[in-house]
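Student: fold the following.
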Amino acid sequence: MKRSGCRRLSGIILALIMSVISLAGCTVPDDKQKNESQTDEKRLQIGMSFDSFVIERWQRDRDVFVATARDLGADVNVQSANGEIEEQISQIQYFIKKDVDAIVIVAIDAEALTDVILKAKKAGIPVICYDRLVKNANTDLYISFDNEKVGDLMGRSLYGKLGKNKRIIEVCGPESDNNVEQVAKGFEYQSRKNAARIIGTCHCEGWRSEIAYDYINANEELVKTADGIMCGNDALAGVVIRALSEMRLAGKVLVVGQDADLDACQRVVEGTQEMTVYKPVENFARTAAEYAVRIAGGEKINTATRFNDGTYDVPFVKLQPVAVTKDNMEETVISGGYHLREDIYINVTK
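Tutor: Predicted structure coming up:
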């Protein structure tokens, strides 16, 4: 009996000890979880809506922007509208409902987003136009490259090689993209300066490459009379050059583009694309993220340059693009770490 009583007592004591340990074990994670929750609440929340990821560079922009913002104490909710304007409007409305600290937009349409952006601003949420302007929206910041300079560099390179009085085709992005108009303005300035004749213009809605390919094929006789083709970006240039190759005109009709995509840089060193425009995306995305975090934190940004959106003069951060040919590929794209040398020259025989 005594031995049984001792066992019973030992069992009770052991159960009490286990209960205390169990309770202590529960308390620590609860406190930790509470602290983590408080930390998360203090982090700034940024909503970011992309047009789509059809254009190669947007994935680089996204990754660098998100990483930079995270390091600066902000979390970024990235959404892609897949080229659908109604979806992008819905995404911005969602960010308004979530009461984020700032909204960053790579706009599909320069005008269709005006009302929803004004709604966000009325709700006290600052809005930043990333690379593409939204008109009449009075955004808190517009950050982009000098798009007129992009067109100007294309024209300088093309006419520098061709000379004056040449016949040119323009294969541009959608008219709803405000950058397209600015690039065309810069290019057409050089066209007038060099007495060039624009013999055909195509606008590719949604930046869809198949539209460019179909246009070149549908206008083969016109294309055969052209001296050069200005393409709105390197993806369009790629399919234009494919169509020219099928006509045995690749390298004979000069093609220029922009964005310094890897395959475009390969074409430049191979000789089928005359030039591309390098826009240092990492620097651009880091700079944009830094401004976005400052604005999300309540800082009002004043810039030396302002850009008229049709109604308002908005703060404008303007970065400079660089013309890239096979002659300066090493000192621009490669030395900047944008692409590896072995990747660019993979098809070039030494």
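
Student: where in the protein is the helix or strand with the lowest mean pLDDT?
Tutor: helix 2-42 (a mean of 45; mean pLDDT, DSSP states H and E).

Student: return the helix or strand just after it as PDB; C-alpha atoms alone will do.
Tutor: Next along the chain after helix 2-42, taking DSSP states H and E as the criterion, comes strand 44-50. Extracted C-alpha coordinates of strand 44-50, given in PDB (Å, rounded to 0.1, in the frame of the first residue of the first chain):
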ATOM      1  CA  LEU A  44       4.700  50.200 -44.900                       C
ATOM      2  CA  GLN A  45       2.400  48.500 -47.400                       C
ATOM      3  CA  ILE A  46       2.800  49.400 -51.100                       C
ATOM      4  CA  GLY A  47       0.400  48.200 -53.800                       C
ATOM      5  CA  MET A  48       2.000  47.700 -57.300                       C
ATOM      6  CA  SER A  49       0.100  47.100 -60.500                       C
ATOM      7  CA  PHE A  50       1.900  46.100 -63.600                       C
END
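
Student: dump the C-alpha coordinates for the helix or strand just after strand 44-50 into PDB.
Tutor: Scanning forward in sequence from strand 44-50 by DSSP H and E, the next helix or strand is helix 57-71. Taking C-alpha atoms only, helix 57-71 is exported to PDB below (Å, rounded to 0.1, in the frame of the first residue of the first chain):
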ATOM      1  CA  ARG A  57      12.400  44.000 -68.600                       C
ATOM      2  CA  TRP A  58       9.300  44.300 -66.300                       C
ATOM      3  CA  GLN A  59      10.400  41.200 -64.400                       C
ATOM      4  CA  ARG A  60      13.700  42.800 -63.600                       C
ATOM      5  CA  ASP A  61      11.900  46.000 -62.500                       C
ATOM      6  CA  ARG A  62       9.600  44.000 -60.300                       C
ATOM      7  CA  ASP A  63      12.400  42.000 -58.600                       C
ATOM      8  CA  VAL A  64      14.700  45.000 -57.900                       C
ATOM      9  CA  PHE A  65      11.800  47.200 -56.800                       C
ATOM     10  CA  VAL A  66      10.400  44.600 -54.300                       C
ATOM     11  CA  ALA A  67      13.900  43.800 -52.900                       C
ATOM     12  CA  THR A  68      14.800  47.500 -52.400                       C
ATOM     13  CA  ALA A  69      11.500  48.300 -50.800                       C
ATOM     14  CA  ARG A  70      11.800  45.400 -48.400                       C
ATOM     15  CA  ASP A  71      15.200  46.500 -47.300                       C
END
